[in-house]
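Enquirer: Turn this into a structure:
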Amino acid sequence: MNKKIYIIHENEEWTVHLTKRLEELGLPYESWHLHEGSINLLEVPPEGVFYNRMSASSHTRGHRFAPELAGAVIDWLEFHGRKILNGSNALRLELSKVKQYTALEKVGVRTPKTAAAVGKVAITRAAKKLEILPLILKHNRAGKGLGVQLFQTMETLEAYVDSTTFEDSVDGITLIQEYIDSPEGFITRAEFINGKYLYSVRVNTADGFELCPADGCQISDAFCPLGETAATSMKFQIVDNPHTGLIAKYEQFLKENKVDVAGIEFITDKEGNVFTYDVNTNTNYNSDAEAKEGIFAMLELAKHLGKELEQV
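Expert: This is a model prediction of the structure:
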């Protein structure tokens, strides 16, 4: 059997832009949609390059156990020595912000003050112990800013946690985190391919917390660019990034954690302090922002996958 590029994922809308580029380059590929399926551990996997695009937000699309299945498949592939972009450690980072923060802090990247808790009593107790206001609650395993809630007082936080509208994380772990107030009104996302910096995109945060840049996001997602609204508001803009030292630390972080493709988000507070708060190893790119600047990350990624395939 001829070697191919295999894409591990659970959402066709997020892979179509990559497969289009692979077809443009004449590269053979196969899509492995892992919502359901099985693997025979006695069999040997096919030859090729495997690219993991499994998402932490898969449960919001009815694919609750897709990451677990992907983890089993990746373990099988790694056992047989297959070339994998974003292997098992990258998947673990995708599924846990606690793991992201500890790994970032290890290389000297500053993250917001955070506590993790399971259970409503533990959440409110941890929030009081932090002694920080305002603060936010967010899901440890999320994506797109899911579950993010801002609280100005402890009373409103307690009321929310005790209410029927409280939304638990799919893994049961809620993060209690200091709120970083940015006077600039935006966050920045640095994109990396093959562990190397490609570009930064500025995201306007005036309308809420859901920061998904994918073209296929639902119109209800506050920051998803669709149609004329996206074209006129330009919530996503590719910009120069002055934080060269931070970019170097990000590249060190990616190397040490064996992450090949990622988008890393940071925000700057009123005093100019930079805080990194999210690592997305299932990164998406905004077509409007890229078209304006003439840089196309999916094309660069497809080229990189082709080079890796040649080495197999």
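
Enquirer: those helices in the protein, which residues are they?
Expert: Listed in chain order, the helices of the chain (DSSP state H) span 12-24, 66-79, 88-94, 97-106, 120-130, 154-161, 227-233, 244-256, 287-293, 297-311.

Enquirer: Return the list of helices and strands in contact with the third one.
Expert: The helices and strands touching helix 88-94, judged by 3 or more C-beta pairs under 8 Å, 6 or more residues apart in numbering; DSSP states H and E, are helix 66-79, helix 97-106, strand 274-280. No exception for glycine: its C-beta is placed from N, CA and C like everyone else's.

Enquirer: Mean neighbour count for the ones you listed - can I get that in CSV?
Expert: Below are the helices and strands packed on helix 88-94 laid out as CSV (neighbours: other C-beta atoms under 10 Å):
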stretch, mean neighbour count
helix 66-79, 19
helix 97-106, 18
strand 274-280, 21
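
Enquirer: Export the ones you listed to CSV and append columns for mean pLDDT and distance to Lys128.
Expert: Formatted as CSV, the helices and strands packed on helix 88-94 follow (pLDDT from 0 to 100; distance: least, C-beta to C-beta, whole Å):
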stretch, mean pLDDT, distance to Lys128
helix 66-79, 98, 32
helix 97-106, 98, 20
strand 274-280, 96, 22
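
Enquirer: Dump those into a markdown table; add distance to Lys258 as well.
Expert: As requested, the helices and strands packed on helix 88-94 are exported to a markdown table (distance: least, C-beta to C-beta, whole Å):
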| stretch | distance to Lys258 |
| --- | --- |
| helix 66-79 | 10 |
| helix 97-106 | 11 |
| strand 274-280 | 13 |
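
Enquirer: can you tell me which of these comes nearest to Thr165?
Expert: helix 97-106 (22.0 Å; C-beta to C-beta).

Enquirer: What is the closest one packed up against?
Expert: With 3+ C-beta pairs under 8 Å, 6+ apart as the test, helix 97-106 has helix 88-94, strand 114-117, helix 244-256, strand 274-280 packed against it.

Enquirer: do that again at 10 Å, thanks
Expert: helix 88-94, strand 114-117, strand 174-178, helix 244-256, strand 261-268, strand 274-280 (3 or more C-beta pairs under 10 Å, 6 or more residues apart in numbering; DSSP states H and E).

Enquirer: Identify whichever of these lies nearest to Tyr197.
Expert: Nearest to Tyr197, of the helices and strands packed on helix 97-106 and by C-beta to C-beta, is helix 244-256 at 5.0 Å.

Enquirer: In the closest one, which residues are buried?
Expert: 246-247, 249-251, 253-254 (16 or more other C-beta atoms under 10 Å).

Enquirer: go on, stretch 279-296?
Expert: Neighbour counts using 16+ other C-beta under 10 Å place 279-290 of stretch 279-296 among the buried residues.

Enquirer: what about the closest residue to Gly195 other than its chain neighbours, distance to Leu27?
Expert: Sequence neighbours aside, Leu254 is the residue nearest to Gly195 in space, at 4.5 Å (criterion: C-beta to C-beta, 6 or more residues apart in numbering). Leu254 sits at a distance of 24 Å from Leu27 (criterion: C-beta to C-beta, to the nearest Å).

Enquirer: coming back round to it: mean pLDDT lowest for which of the helices of the chain?
Expert: Among the helices of the chain, helix 227-233 carries the lowest mean pLDDT, at a mean of 34.

Enquirer: List the residues that contact the residue lying closest to Tyr277 once chain neighbours are set aside.
Expert: Among residues not flanking Tyr277 along the chain, Pro112 sits closest, at 5.7 Å (C-beta to C-beta, 6+ apart). With contact taken as C-beta atoms under 10 Å, 6 or more residues apart in numbering, Pro112 is in contact with 101, 132, 135-136, 175, 177-180, 267, 269, 275-277.

Enquirer: cutoff 7 Å now
Expert: Counting by C-beta atoms under 7 Å, 6 or more residues apart in numbering, Pro112 touches 177-178, 180, 275, 277.

Enquirer: Repeat that for Asn282.
Expert: 53-55, 94.

Enquirer: phi, psi of it?
Expert: Backbone torsions for Asn282, taken as degrees, to the nearest 10, come to phi -110, psi 50.

Enquirer: so how far is Pro46 from it?
Expert: With C-beta to C-beta as the criterion, Asn282 and Pro46 are 23 Å apart.

Enquirer: What of Ile5?
Expert: Taking C-beta to C-beta as the measure, Ile5 falls 11 Å from Pro46.

Enquirer: Pick out whichever of those two has more residues nearby.
Expert: The residue with more neighbours, out of Ile5 and Pro46, is Ile5; 23 against 15, by other C-beta atoms under 10 Å.

Enquirer: For the residue positioned nearest the centre of the chain, name its beta-bridge partners.
Expert: Central residue of the chain (C-alpha atoms, centre = their mean): Asn280, 1.8 Å from the mean position. Bridge pairing for Asn280 (DSSP bridges) gives the partners Gly263.
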